[in-house]
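A.B. asks: Show me how the following folds:
(2 chains)
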Amino acid sequence: MALRAGFAAASLLGVVTTFGTPLWVATVGILIALVIGLVTLEVRIHSAKGVR
Amino acid sequence: MTWTTFLLLAVLVSLDMQNLASRWGRVISLGEAVSHDYTLVVPIFGDPRYFRNGHYLARNRDNVLLAVNIDSPKMERFVDELREQGWRVHASRLTGRVSCPEIVFDALNSVSTEYVIRIDGDTVSIQDPGRAVAAARAAGADLCSVKVTVSRRKTLIEKLQAVEYDMSMLGRHNRAWMTSGACMIARTSALRGILAAHSFWFPGEDIETGVIAKHYKLSVRHLDVRFYTDVPETFRAWARQRKMWWSGSFRMAFVNADQTLRFPLAFVYTACVVWLLWIAKWHELVDVGHVAAILPFVVLLYTGVCFSSNWTVRSRWMVVYPYYALFQALVMPPLGAAYYLWLWYRRGTRKPPGRYRIGFRRESLDLARWATPAATAGPVSSHPSA
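C.D. replies: This next block holds a predicted model:
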C-alpha cells in the first residue's frame, strides 16, 4: 500500500527521482545496512547453539 | 497540486497504518474461567494426510469431532482407523468440489454443545480452548475470530508469512468479521444459521462466514487467543496457496462488491487500492530507471510504516517484508483473478460463481430455530458447490 503511495508521492513531488543524489544514496545505504544487520544477527543466533 | 499530493500520501499511508488503531478495538480477553461446553470440529477431506494435529486434539479428545468426508476407499479406511483409535467421527458423503464450510455444516448435526470451534487439521493452541469458549460465552459473542499465527518459522518464506499473519491479526481487532478458516469460535446455533446461508464456494469461504454473521446482526467479536497453524514451507507451495487466496480476494472485491461495500474501509482497500491501483503500479514499473530511482525511497518508507504501526508484533524480519509484500502485490492479483475465471469457465455457467446467498438488507437470525441439530439436515445437498 505505502509502496503505491510512495510511487505516487515521490513522482508528483519530484523527490528522489535521480540516481546518485545524496538522498538516494543514503536511502539505499540504510536499506543495505538493515539487511546486513539482519543477516549478521541471524548468523550470530544460529551459531549460538541453535537458539532462535 | 502539492496539497493534493500530500493528501493522497496521507490517505494511502494511513490506510497502511490502520493497525495503530488496534489498541482501541473491542477485543475479548481470556479470563481464568474454563468451559467444557464446546466441540472442536475438524474438517478433513481429500486425503488423510491433512489430519496433522492429532497429538494436540488428543488432550481434549472428549471435545473433538472429526468431520471426515468419505469420497474414496482410502477415506473410508481412514474413518475406520480413526474410530478404532477412539476418535469421535462424523462421516459425510458429500460429492462434487467439497469445501470446509459444507463439511462443517453437515457435521453440526452431530454437535450438541453450546459452542463450536472450527479448527483445521494443522492448527493447535497452547492456551486451553475451554478458556476461549468461556470468554466468548461471557461476552455473549456469536462468532469470534481468533489470532492465527505461524507454527513453524524456519524457512525464509515461513518467517515472512509469520510477519504477515501477526500484522493481519492486529487488524482483526477492528475487523473481527474477517474470520480465518484455520480457526474460529462460534455459538453452535449461530454457526448453523450462518452456514445454512453460505455459498460453500471455496476461495474466500472463511471471510464469507463473518460477512454472513454481520448480515444477520450477530455479535461478531475478536477473541485474544492464539492458535498456531502450518503455513507453506516452500515458495512453490506458497504461490499455490496464494493463488487461491487472491481468487477469494477478487471474489470479495468484485463478484460480491455489493456486500463488501458494507465495510467501506475494507472495500476501499481491497477493491480500489489493491486491485485497481495494481494497473497503476505496473505502469510505474515499466520504466526501469524510474523504478530504480524511486524504489529505495518507497521500501524505506514502507519498512518504517511496518515497524511503527505493528510495534506490538515487531520482528526483525520486517526489514525484508516490504520486498515480499511488493512481490505479492504485483504478481499474485492477476493469478488469483485468472484462477477465479478458470473456475468459472470449468463450472460452465453464465452466472458468476461464488456470489453470496444473502440479500442486501440485513436480517435477524432466529437462533432458537437453529438450536437443534435436526435443523441442519437437508440443505447441504441442495447448496451449489464448485
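
A.B. asks: For stretch B:128-137, buried residues please.
C.D. replies: Across stretch B:128-137, burial judged by 16 or more other Cβ atoms under 10 Å in any protein chain shown covers B:129, B:130, B:131, B:132, B:133, B:134, B:135, B:136, B:137. Yep, even glycine has a C-beta here, placed from its N, CA and C like the rest.

A.B. asks: Including distance to chain A, pLDDT and secondary structure, could those residues go into TSV?
C.D. replies: As requested, the buried residues of stretch B:128-137 are arranged in TSV below (distance: Cβ to the nearest Cβ, whole Å; pLDDT from 0 to 100; DSSP: H, G, I helix; E, B strand; the rest coil):
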residue	distance to chain A	pLDDT	secondary structure
B:129	26	97	helix
B:130	30	98	helix
B:131	27	98	helix
B:132	27	98	helix
B:133	32	98	helix
B:134	33	98	helix
B:135	30	98	helix
B:136	32	98	helix
B:137	36	98	helix
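
A.B. asks: Which two of those have the greatest separation?
C.D. replies: Greatest spatial distance among those (Cβ to Cβ): B:129 and B:137, at 12.4 Å.

A.B. asks: Can you read off the pLDDT for the nearest residue to residue B:119 once chain neighbours are set aside?
C.D. replies: Leaving out its chain neighbours, the residue that sits closest to residue B:119 by Cβ to Cβ, 6 or more residues apart in numbering or on different chains is residue B:183, at 4.8 Å. Per-residue confidence (pLDDT) for residue B:183: 98.

A.B. asks: in the stretch 251-386 of chain B, which spans are helices?
C.D. replies: With DSSP state H, counting those that start in this stretch, the ranges of helices along the stretch 251-386 of chain B come out as B:257-260, B:264-267, B:277-285, B:288-309, B:321-347, B:379-382.

A.B. asks: So is the longest one next to chain A?
C.D. replies: Yes. Counting by Cβ under 8 Å from any Cβ of the partner chain, contacts between helix B:321-347 and chain A involve B:322, B:325, B:326, B:329.

A.B. asks: and that helix, average pLDDT?
C.D. replies: So the average pLDDT for helix B:321-347 ends up being 94.

A.B. asks: Stretch B:68-79 too?
C.D. replies: Mean predicted confidence for stretch B:68-79 is 97.

A.B. asks: got the CA positions of that stretch in PDB?
C.D. replies: Once non-C-alpha atoms are left out, stretch B:68-79 reads as follows in PDB (Å, rounded to 0.1, in the frame of the first residue of the first chain):
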ATOM      1  CA  VAL B  68     -14.400 -36.500   7.500                       C
ATOM      2  CA  ASN B  69     -15.800 -36.600   4.000                       C
ATOM      3  CA  ILE B  70     -15.700 -40.100   2.500                       C
ATOM      4  CA  ASP B  71     -15.200 -39.800  -1.200                       C
ATOM      5  CA  SER B  72     -12.800 -42.700  -1.700                       C
ATOM      6  CA  PRO B  73     -11.900 -46.100  -0.300                       C
ATOM      7  CA  LYS B  74      -8.900 -44.500   1.300                       C
ATOM      8  CA  MET B  75     -11.000 -42.100   3.300                       C
ATOM      9  CA  GLU B  76     -13.400 -44.900   4.200                       C
ATOM     10  CA  ARG B  77     -10.500 -46.900   5.700                       C
ATOM     11  CA  PHE B  78      -9.300 -43.700   7.400                       C
ATOM     12  CA  VAL B  79     -12.600 -43.200   9.100                       C
END
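
A.B. asks: The lengthiest helix in chain A vs helix B:288-309, what angle?
C.D. replies: Longest helix of chain A, by residue count under DSSP state H: helix A:22-47. In terms of direction (axes from the mean of the first three to the mean of the last three Cα atoms, to 10 degrees), helix A:22-47 departs from helix B:288-309 by 60 degrees.

A.B. asks: which helices and strands does helix A:22-47 pack with?
C.D. replies: helix B:288-309 (3 or more Cβ pairs under 8 Å, 6 or more residues apart in numbering or on different chains; DSSP states H and E).

A.B. asks: which parts of the helix it packs on are buried?
C.D. replies: In helix B:288-309, counting by 16+ other Cβ under 10 Å, buried: B:293-303, B:305-306, B:309.

A.B. asks: Within reach of chain A, which of the residues you listed are there?
C.D. replies: Among those, the residues within reach of chain A (Cβ under 8 Å from any Cβ) are B:293, B:294, B:296, B:297, B:298, B:299, B:300, B:301, B:302, B:303, B:305.

A.B. asks: Now render the residues you listed as CSV, adding pLDDT and distance to residue B:262.
C.D. replies: CSV is the format used below for these (pLDDT from 0 to 100; distance: Cβ to Cβ, whole Å):
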residue, pLDDT, distance to residue B:262
B:293, 80, 41
B:294, 80, 36
B:296, 88, 39
B:297, 85, 36
B:298, 84, 32
B:299, 90, 34
B:300, 92, 36
B:301, 88, 31
B:302, 89, 29
B:303, 94, 33
B:305, 92, 27
